[in-house]
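**Student:** everything below, folded, please.
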Amino acid sequence: MPFVRVCPAAEVQVDTPKRIEIAGQAIAVVRDSAGDVYAIGDSCTHGEISLSEGFVEDCTLECWAHGSRFSLKTGWPQNLPAYEPVPVYAVEITDDEIFIDPTPIYKDKDD
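**Tutor:** Residues are numbered from 1 along each chain as shown. Predicted coordinates for the structure are as follows:
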């Protein structure tokens, strides 16, 4: 599937996740403190909690319910109780608009 425009880049504030949906897939779009934009699956693999309601720290998104932190780069949890990764999605910013390829990517833990 080709990249899909999801929102203006200005709508994604630093350390404030934004939940979007593409073709029924919930995705958390995050701008970290360095200004980089990431997109990861919005559902915690431990408890089906929306990650976009969580907390951004460095390059991770923390589930507010049980504290698992997921890498924004790989989708892998950095601590328990989650042990399965969430998918990540390719992001492009063109003309101050965020575009996401909704094809899930499952990266190796060490990527």
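**Student:** centroid-nearest residue for the chain?
**Tutor:** Residue closest to the average C-alpha location in the chain (C-alpha atoms, centre = their mean): I40, at 2.6 Å.
**Student:** you'd agree Y106 is up against G75?
**Tutor:** Yes. Counting by C-beta atoms under 8 Å, Y106 touches G75, with 7.0 Å between them. Where you see a C-beta, it was placed from the backbone N, CA and C, and this is true even at glycine.
**Student:** hey, what's the residue nearest to the centre of the chain bridged with?
**Tutor:** I40 has these beta-bridge partners by DSSP bridges: A28, V88.
**Student:** how far away is it from D101?
**Tutor:** 13 Å (C-beta to C-beta, to the nearest Å).
**Student:** what sits in contact with each of these two?
**Tutor:** Y89 (C-beta atoms under 8 Å, 6 or more residues apart in numbering).
**Student:** counting neighbours, go ahead and name the busier of Y106 and G75.
**Tutor:** G75 (24 against 13; other C-beta atoms under 10 Å).
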